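>>> need a 3D model of the sequence below.
(one chain, ligands or ions: 1)
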Amino acid sequence: MGFADQRFDVNLSILFTELPLLRRPAAAAAAGFGAVELWWPWVDTPVPDRAELDALRRAIEDAGVRLVGLNLYAGRLPGPDRGALSVPGEESARFRANIDAAADFAGSLGCGALNALYGNRVEGADPAAQDALALENLVLAARAADRIGAVLLIETLNAPESPHYPLVTAAAGVELADRVDEASGLGNARFLMDLYHLSVNGEDLPAVIDRYAARTGHVQIADNPGRGAPGTGSLPLEDLLDRLREAGYDGWVGLEYKPGDRPSAQTFDWLPAAARAAR
Ligand SMILES: O=C(O)C(=O)CO
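The predicted structure follows:
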């Protein structure tokens, strides 16, 4: 047990951001990683030109890394937006336009997980209407994920950093994944268990793991406080990942932490080389 027994991938939207997007896959490979994940990289463009998509696909293929997770269009992350699918009007339309573009891109790289961030509550909008729109959009996304053989992930964020995001408990994330499955009939919605966000919210992480490991399709980690590399805060991440393993989770663990004032490549000393190389 321990870090060496997990399959880690590196998030190229929070790590290696000191480099241009197209150089990040090779930088991850040079640091020993075999797998990467991404937030939707074109924050203002749900459907980019084919040339841009092709260039990113080539950068990933040429680096020899595998894309294992991709966020669908979510507006400007990490702020002020937190997703688009429950935001009426233009943002919902952008999310819908993005679904097939993102699924085609992910599918062309054999990526097995699409992450759909819910979006903030909007002042003046009826929360029930936002939730109804969200469910419609999540069913569309679940169908697109199913078409490429992927799961659709539902992520909860933390309330202090995302005060207008309505999904802030593990229970709410799992309940929504269940509702999407019920509405789509596809059974491919899963919980994205981000241990950093859950811990900032003060959740009992061992209890969350024991209860929801079986509904979890992807895990992300960062230490707390600070959202830095494991060891920079006080979360017992190695123990928590062992517990996840014991609870039956054997999927990817995404490194979604901030490098701080060091170059990203210097923030992986805590991670044995063998655990970086999974594909
Ligand atoms: O915006 C964030 O903090 C995320 O974790 C997105 O995946």
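>>> which residues touch Ala84?
73-75, 91-92, 94-95, 117, 119 (Cβ atoms under 8 Å, 6 or more residues apart in numbering). Placement of C-beta: from N, CA and C, glycine included.
>>> return the subset of the residues you listed lying in helices.
If you go by DSSP state H, the contacts of Ala84 have 91-92, 94-95 in helices.
>>> can you pick out the most distant pair from these?
Farthest pair in those (Cβ to Cβ) is Ser92 and Arg94. Separation: 7.3 Å.
>>> quick check: phi and psi at the residue in the chain positioned nearest to the ligand.
In the chain, the residue that lies nearest the ligand is Pro78 (4.3 Å; Cβ to the nearest ligand atom). The phi and psi values for Pro78, taken as degrees, to the nearest 10, are phi -80, psi 0.
>>> so what's the residue count around it?
Neighbour count for Pro78, taken as other Cβ atoms under 10 Å: 15.
>>> residue numbering should commence at 6 henceforth.
Got it, first residue is 6 now, which makes that one Pro83.
>>> give me the pLDDT for Gly84.
Gly84 is assigned a predicted lDDT (pLDDT) of 82.
>>> repeat that for the one 10 residues further on.
You'll see Gly94 listed with a pLDDT of 98.
>>> equivalent analysis for Gly7, please.
Gly7 is given a pLDDT of 83.
>>> what is the distance between stretch 130-137 and the centre of its chain?
Distance, stretch centre to chain centre, for stretch 130-137: 24 Å (Cα atoms, centre = their mean, to the nearest Å).
>>> an error on my part: the question was meant for stretch 231-246.
So, by Cα atoms, centre = their mean, the centroid of stretch 231-246 is 18 Å from its chain's centroid.
>>> and the residue nearest the centre of the chain, its phi and psi?
With distances taken as Cα atoms, centre = their mean, Asn120 lies nearest the centre of the chain, 5.3 Å away. Main-chain torsions, Asn120, degrees, to the nearest 10: phi -100, psi 130.
>>> what's opposite it in the beta bridge?
Counting by DSSP bridges, Asn120 is bridged to Asn76, Leu158.
>>> so it sits against Tyr78, correct?
No. Counting by Cβ atoms under 8 Å, Asn120 does not reach Tyr78; the two are 10.9 Å apart.
>>> now do the contacts for the closest residue to Asp199 other than its chain neighbours.
Distances taken as Cβ to Cβ, 6 or more residues apart in numbering put Gln225 closest to Asp199, at 4.3 Å, once the chain neighbours are dropped. Gln225 sits next to 16, 197-201, 258-261 when contact means Cβ under 8 Å, 6+ apart.
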